[in-house]
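Chemist: Sharing a sequence plus its predicted fold:
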Amino acid sequence: MQTIFPYILAWALSFLNANPKEAYLSQNRQDLNATTFEFPKEDFNLIGFGAYHGSQKTEKAELRLLDHLTQKGLIEYYIIEADYALAHFFNVYLESGDDVLLKDLIKHYGIIIGQDRSVATFQKWKALKTMNDALPQHQKIKVLGTDVTVNYKYVAKHILDLCNPELTLRPAYSNMARMVKKDTTDFSAQYDSYSKKLLREWVDDYDLNKTHYFRNSQQPQVLEHLVRNLKATFSESHRETEIFKNYMALDRLYDFKNHRQFARYGFFHLEKDREGAAVPFFARLIDQGVYPKEKVLSVIGYFMDSEVLWDVNYDEEGHYVSHTNEGGFGIGDYEDEYFRGIDHLKKSKISDMTLFRLNRKQSPYHEKSPDLIEIIMPGKKSNGELVKGKATTDYLDYALLISDSKASEPLETLNQTNKP
């Protein structure tokens, strides 16, 4: 007995001295790569996944989550960080497999977040098509977009596809059709472009002749939704507010409360509580009583020993020249910019993609300390005061630690023979 007592004592002391969060994490983690991986919860309306933009394994992690959830028939709609029309044409890609179309879609998808105009995003969609093709018809996903319109090209194309050809007799409609056919303008919604002028004229014609357009549209409710989003680009609007409005409008078309969704968005949009006066998309859904908080699940990715795509440089004619990556600032695990409490994840990881469940009843992440939400930037103002006194689980349910992830490469490098 005297021989084993010191070992028992040492074990007991080590247990007592263990960090409670690391002890908890060690009992609530999974390797996302494992064939035995099971997402811990199936009772939800909406699940969101996102991380800082611009790193390759984020796309790999999303695919793994989507593959698991679709195989189990747990999601029907896939909401992406894009407007409704662009999302519609991603559905066209999933049907056709047209790589030329996909490349152009990724180009436009990356207007909101330039880091997502990448080879990794392109390859993710190709893998997503393979995954979706293998699913039974009743389990295939439909892509939807709730974001603001930042480019008119695919909005105009979608309008033309929805309307009967006889509408070309209307001058405003005909002018829009010619613009799309020529495809020589930039279609920008972000300044007073030529395309904005033509679409203003068409919207005016639509408003004056709505009954005629409804009679000559295959989906008048969708057409009305596209028009409402066009109007939002003609004046000042708030992105998070528009995302929420679009979600609620699509709920009327797709009955979201009875059909579960997976949303891929950036970090902030998936937070389930406010940061000061800023109200993220997920927080709005909860605040407005659309869903109970426990039915909205937020999975947020964090990085260690990784890089993100940072700047992409173009010449005066818009041709790709070069790009830069960041492996310190921009990943949230750097001495001058890091998430409070990220070391607990790093010490508890079991693979390069470790998923931690934070929201069990006995979780220390319910305590009023904003681990994994507060960004610490020594000597600089951060979000500390905005999230002071909040718990991690006020904002998210799962943390995914991604390690050894290479930076995404710009889409323009897709056909370069020297890419890794």
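Modeler: Received the coordinates, thanks. Predicted model, so just to flag it, every value in this text is computed and none were measured. Numbers count the residues shown, from 1 in each chain.
Chemist: Distance check, A232 against A156.
Modeler: The gap separating A232 from A156 is 16 Å, by C-beta to C-beta, to the nearest Å. Quick note: C-beta positions are derived from backbone N, CA and C, even for glycine.
Chemist: strand partners of whichever strand or helix holds V321, parallel vs antiparallel please.
Modeler: Assessed by DSSP states H and E, V321 sits inside strand 320-326. Using DSSP bridges, strand 320-326 pairs in its sheet with strand 308-314 (antiparallel).
Chemist: Tell me the bridge partners for V312.
Modeler: Here V312, judged by DSSP bridges, has bridge partners H323.
Chemist: Give me the neighbour count for it.
Modeler: 20 (other C-beta atoms under 10 Å).
Chemist: Show the contacting residues for it.
Modeler: G114, R117, Y320, S322, H323, P410, E412 (C-beta atoms under 8 Å, 6 or more residues apart in numbering).
Chemist: ok, those residues vs V387, which is closest?
Modeler: G114 (27.0 Å; C-beta to C-beta).
Chemist: Any figure for the gap between that closest one and Y154?
Modeler: For G114 relative to Y154 (C-beta to C-beta), the value is 18 Å.
Chemist: So which of the two has more stuff around it?
Modeler: Higher neighbour count among G114 and Y154: Y154, with 26 against 15, using other C-beta under 10 Å.
Chemist: Show the subsequent helix or strand relative to the one helix or strand the more buried one maps to.
Modeler: Assessed by DSSP H and E, Y154 sits inside helix 153-162. Beyond helix 153-162 on the C-terminal side, the first helix or strand identified by DSSP H and E is helix 171-182.
Chemist: hey, C-alpha coordinates of the helix or strand just after that following helix in PDB?
Modeler: Once helix 171-182 ends, the next helix or strand along the chain (criterion: DSSP H and E) is helix 194-208. Output of helix 194-208 as PDB, limited to C-alpha atoms (Å, rounded to 0.1, in the frame of the first residue of the first chain):
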ATOM      1  CA  TYR A 194     -24.700  51.800 -66.300                       C
ATOM      2  CA  SER A 195     -26.300  48.500 -65.100                       C
ATOM      3  CA  LYS A 196     -27.800  50.200 -62.100                       C
ATOM      4  CA  LYS A 197     -29.300  52.900 -64.400                       C
ATOM      5  CA  LEU A 198     -31.000  50.200 -66.600                       C
ATOM      6  CA  LEU A 199     -32.200  48.200 -63.700                       C
ATOM      7  CA  ARG A 200     -33.700  51.300 -62.100                       C
ATOM      8  CA  GLU A 201     -35.600  51.900 -65.300                       C
ATOM      9  CA  TRP A 202     -36.800  48.200 -65.400                       C
ATOM     10  CA  VAL A 203     -37.900  48.300 -61.700                       C
ATOM     11  CA  ASP A 204     -39.900  51.500 -62.500                       C
ATOM     12  CA  ASP A 205     -41.600  49.600 -65.400                       C
ATOM     13  CA  TYR A 206     -42.200  46.600 -63.200                       C
ATOM     14  CA  ASP A 207     -43.900  48.700 -60.500                       C
ATOM     15  CA  LEU A 208     -46.200  50.400 -63.100                       C
END
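Chemist: Give the other helices and strands that the helix or strand that comes right after helix 194-208 contacts.
Modeler: Downstream of helix 194-208, the next assigned helix or strand under DSSP H and E is helix 210-215. Packing partners of helix 210-215 (3 or more C-beta pairs under 8 Å, 6 or more residues apart in numbering; DSSP states H and E): helix 220-232.
Chemist: residues in contact with the helix it packs on?
Modeler: Counting by C-beta under 8 Å, 6+ apart, 83-85, 148-149, 152, 155, 158-159, 162-163, 199, 203, 206-207, 213-214, 217, 242, 246, 249-250, 253 sit against helix 220-232.
Chemist: quick one on the thing from earlier: elements contacting the helix holding Y154?
Modeler: Partner elements for helix 153-162 (3+ C-beta pairs under 8 Å, 6+ apart): helix 84-96, helix 99-109, helix 171-182, helix 194-208, helix 220-232.
Chemist: can you give me the mean pLDDT across it?
Modeler: Averaged across helix 153-162, the pLDDT comes to 97.
Chemist: ditto for stretch 220-240
Modeler: 96.
Chemist: CA atoms of that stretch as CSV?
Modeler: C-alpha atoms of stretch 220-240 as CSV (Å, rounded to 0.1, in the frame of the first residue of the first chain):
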residue,chain,number,x,y,z
PRO,A,220,-44.1,35.9,-59.5
GLN,A,221,-43.3,35.6,-55.8
VAL,A,222,-39.6,35.0,-56.6
LEU,A,223,-39.7,37.9,-59.1
GLU,A,224,-41.1,40.2,-56.4
HIS,A,225,-38.3,39.1,-54.0
LEU,A,226,-35.7,39.9,-56.6
VAL,A,227,-37.2,43.4,-57.1
ARG,A,228,-37.3,44.1,-53.4
ASN,A,229,-33.6,43.3,-53.3
LEU,A,230,-32.9,45.5,-56.3
LYS,A,231,-34.6,48.4,-54.6
ALA,A,232,-32.4,47.9,-51.5
THR,A,233,-29.4,48.7,-53.7
PHE,A,234,-30.8,52.0,-54.9
SER,A,235,-30.5,53.6,-51.5
GLU,A,236,-28.5,53.2,-48.2
SER,A,237,-29.2,49.9,-46.5
HIS,A,238,-27.8,47.9,-43.5
ARG,A,239,-26.4,44.5,-44.5
GLU,A,240,-27.4,42.6,-41.3
